[in-house]
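**Q** Requesting a structural model of the entry that follows:
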Amino acid sequence: MPVYGDLILAPMAGFSDVPYRSICREYGSAMSYTEFASVEGVVWHSQRTRRILDYLPAERPVTFQIFGADGDALVASAQRIEEWGPDIIDVNLAAPRPRCPVVARRGALA
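**A** Next comes the predicted model:
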């Protein structure tokens, strides 16, 4: 995936929504990341998760970031969101962090 520019907006939980990413794009971000979304939210058709993964065509290239503890759910959610048109799907596989209790409580990787 070619990225034309020097800056890439990192995913930031609680901040990386469409308006924020659009402003960052205006100021030079060459690629956007959504906030990370749980695979359960994707599989269960959560409206909140769908909003997290919303984007505008002007944000391309755009990366969707997902996390989860179940390998089958990771695959199913990646296949589902592929239909929504991201340029990249980032499966977050970092170690659980105590500062991310929502993730750590589920035993997920983020």
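**Q** quick one: strands adjacent to the top strand by length along the chain?
**A** With secondary structure taken from DSSP state E, the chain has its longest strand at strand 29-38. For strand 29-38, the paired strands and their directions (DSSP bridges) are strand 7-8 (parallel), strand 62-67 (parallel).
**Q** Out of the ones you listed, which one sits most buried?
**A** When you average the neighbours per residue for each of the strands paired with strand 29-38 (mean count of other CB atoms under 10 Å), strand 62-67 leads with a mean of 24. Where C-beta positions appear, they are placed from N, C-alpha and C, glycine not excepted.
**Q** give the contact list for the residue nearest the centre of the chain.
**A** Using CA atoms, centre = their mean, the residue of the chain that lies closest to the mean C-alpha position is Gln65, 2.6 Å off. Counting by CB atoms under 8 Å, 6 or more residues apart in numbering, Gln65 makes contact with 11, 33-37, 89-92.
**Q** can you do 6 Å?
**A** 11, 33-34, 36, 90, 92 (CB atoms under 6 Å, 6 or more residues apart in numbering).
**Q** could you measure it against Leu93, distance?
**A** 11 Å (CB to CB, to the nearest Å).
**Q** now swap in Gly41 and tell me
**A** On the measure of CB to CB, Gly41 and Leu93 end up 18 Å apart.
**Q** The two: who's more crowded?
**A** Legend: neighbour count by other CB atoms under 10 Å for Gly41 and Leu93, higher for Gly41 (18 against 10).
**Q** So, low pLDDT: which residues of this protein?
**A** Where the chain drops to pLDDT under 70, the residues are 94-110.
**Q** Nice, that's everything, thank you.
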